[in-house]
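In: coords below, sequence missing:
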């Protein structure tokens with residue numbers, strides 16, 4: 001993956017992004033393995049069911065919950081939090097997203113989060129289920145910090161890929177709300193949220209890639225110059241000023257994807273947020289309700305910064321907008337699939353019902 005991040009050899013930021021990514025990935029893997037070694041030392045096994053039995057004290061050779069077990073849990077979760085870009089393990093995300101080629105950035109934004117979120121829910125419930133009273137408060141703090149800090153930093157961004165990096169950090173916090181519930185509803189909500197997030201996020205990055213590759217190209221420009229206009233990158237938010245005037249279809253699809261990420265009805269993002277809120281509220285404690293309330297408030301904040309891009313495309317005046325261009329067939333197919341997902345995942349209740357039926361833990 002680090003090789004893909006550094007794929008654009010003409011950009012210094014690409015090499016810097018790859019260096020940060022590989023260093024953080026190596027460090028996070030080391031921290032995770034360190035935590036696993038503590039768990040093995042404390043329980044004598046790495047099988048989920050046996051770890052849970054040892055923690056409960058049903059194995060006479062081990063003492064149940066010990067400081068070593070707690071330390072192993074913290075280190076293990078810290079390693080996963082790096083993969084998910086959760087605060088305070090998020091510092092690599094914005095630089096890596098900005099420096100990597102846009103298709104690679106889109107892939108990074110969805111693949112690691114989906115896999116890491118599933119791993120977090122399954123391992124926390126199967127292996128560390130008896131320690132729920134310990135890790136649920138850790139999750140509360142991480143979720144509140146991730147959603148709040150990411151939203152505040154997203155408001156300040158003028159570069160779209162950095163903007164989407166902080167958006168993905170915030171979305172990771174919402175994904176972890178499903179883990180709080182630790183139930184069948186939580187698993188179904190997590191899977192549904194990730195499906196919706198994947199199609200909406202990939203739609204945004206597909207539009208960014210299309211604009212970056214076609215928005216200022218002609219036969220006399222090099223690949224590096226194609227992604228620049230007036231010395232600035234086409235991933236700058238200002239490059240999208242007046243996009244609706246020249247490329248209304250791309251502007252419309254971008255708007256649908258952003259509305260879904262923001263949770264505006266009737267798009268799928270609204271239902272995905274509702275389901276993770278419901279899963280977290282099922283936990284029933286005061287702190288779970290508090291975290292859901294903070295997430296709801298931050299959803300309103302996120303509407304503001306997502307609408308900044310919509311404002312740039314439709315309202316902000318621009319005497320020299322990007323020229324009209326046509327995308328290739330693969331790009332149009334990708335956008336069609338993502339747009340269909342944004343619409344259908346929200347309208348077809350059978351999708352969530354099927355996920356709920358297949359998520360019995």
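Out: Yep, it's here. Quantities reported herein were computed from a predicted structural model and do not represent experimental measurements.
In: lowest-pLDDT helix or strand in this protein?
Out: Lowest on mean pLDDT, DSSP states H and E among the helices and strands of the chain sits helix 223-226, with a mean of 49.
In: buried ones in stretch 68-82?
Out: 69-73, 75-82 (16 or more other C-beta atoms under 10 Å). For the C-beta atoms, the positions are set from N, CA and C on the backbone; glycine is no exception.
In: now the residue most central in space within the chain, nearest residue through space, not along the chain?
Out: Computing the C-alpha centroid of the chain and ranking residues by C-alpha atoms, centre = their mean puts residue 168 first, at 3.6 Å. Spatial nearest neighbour of residue 168, excluding adjacent residues (C-beta to C-beta, 6 or more residues apart in numbering): residue 109 at 4.9 Å.
In: how about the one you found, what does it touch?
Out: Counting by C-beta atoms under 8 Å, 6 or more residues apart in numbering, residue 109 touches 97, 164-165, 168, 201, 205.
In: among those, which one has the most neighbours?
Out: residue 97 (30 neighbours; other C-beta atoms under 10 Å).
In: the helices in the stretch 151-300 of the chain, which residues?
Out: For the stretch 151-300 of the chain, the helices defined by DSSP state H, counting those that start in this stretch cover 160-181, 184-214, 223-226, 243-246, 248-262, 268-281, 286-314.
In: can you name the element that comes right after the host helix or strand of residue 77?
Out: For residue 77, the host element (DSSP states H and E) is helix 67-84. Counting by DSSP H and E, the next helix or strand C-terminal to helix 67-84 is helix 91-99.
In: okay, now the unreliable bits of the chain?
Out: Within the chain, the segments meeting pLDDT under 70 span 1-2, 4-6, 9-10, 58-64, 181-182, 215-233, 359-361.
In: ok, back up a step: which pair in the buried residues of stretch 68-82 spans the largest distance?
Out: 69 and 82 (21.1 Å; C-beta to C-beta).
In: against residue 279, how distant is residue 8?
Out: Remark: distance between residue 8 and residue 279 (C-beta to C-beta, to the nearest Å) = 39 Å.
In: which of the two has more residues huddled nearby?
Out: Each of residue 8 and residue 279 has its neighbours counted (other C-beta under 10 Å); residue 279 has more, 27 against 21.
In: now do the contacts for residue 39.
Out: Here residue 39 is in contact with 46, 51, 69, 72-73, 76, 127 (C-beta under 8 Å, 6+ apart).
In: now flag whichever of those is closest to residue 261.
Out: Nearest to residue 261 out of these is residue 76 (C-beta to C-beta; 29.3 Å).
In: surely that closest one meets residue 37?
Out: No: the pair residue 76 / residue 37 is not scored as a contact, 9.9 Å apart, by C-beta atoms under 8 Å.
In: let me see the contact set for residue 189.
Out: Contacts of residue 189 by C-beta under 8 Å, 6+ apart are 177-178, 181, 272, 275-276, 278-279.
In: nearest to residue 197 among the residues you listed?
Out: Checking the contacts of residue 189 against residue 197 with C-beta to C-beta, the nearest one is residue 272 at 7.1 Å.
In: any idea how many residues pack against the closest one?
Out: 29.
In: how far away is it from residue 139?
Out: In terms of C-beta to C-beta, residue 272 sits 19 Å off from residue 139.
In: next one: phi and psi at residue 135?
Out: Main-chain torsions, residue 135, degrees, to the nearest 10: phi -80, psi -20.
In: thought residue 194 was touching residue 175?
Out: Yes: assessed by C-beta under 8 Å, residue 194 is found in contact with residue 175 at 6.7 Å.
In: contact partners for the nearest residue to residue 138 once chain neighbours are set aside?
Out: In this structure, residue 138 finds its nearest non-sequential neighbour in residue 77, 6.7 Å apart by C-beta to C-beta, 6+ apart. With contacts taken as C-beta under 8 Å, 6+ apart, residue 77 has the following neighbours: 35, 120, 124, 135, 138.
In: same question, residue 346
Out: Applying C-beta under 8 Å, 6+ apart to residue 346 gives the contacts 196, 260, 266-271.
In: out of those, who's the most crowded?
Out: Among these, residue 260 has the most neighbours (other C-beta under 10 Å), with 32 neighbours.
In: so how many other residues sit close to residue 199?
Out: 22.
In: revised request: answer the last question for residue 98.
Out: Residue 98: 23 surrounding residues under other C-beta under 10 Å.
In: what separation do you get for it and residue 108?
Out: 11 Å.
In: next: residue 282.
Out: With C-beta to C-beta as the criterion, residue 282 and residue 108 are 31 Å apart.
In: between the two, which one's more packed in?
Out: Neighbours were counted for residue 282 and for residue 108 using other C-beta under 10 Å; residue 108 has more, 23 against 16.
In: the more buried one: which element?
Out: In the assignment (DSSP H and E), residue 108 maps to helix 102-126.
In: go ahead and confirm residue 273 touches residue 299.
Out: Yes: counting by C-beta under 8 Å, residue 299 is a contact partner of residue 273 at 6.5 Å.
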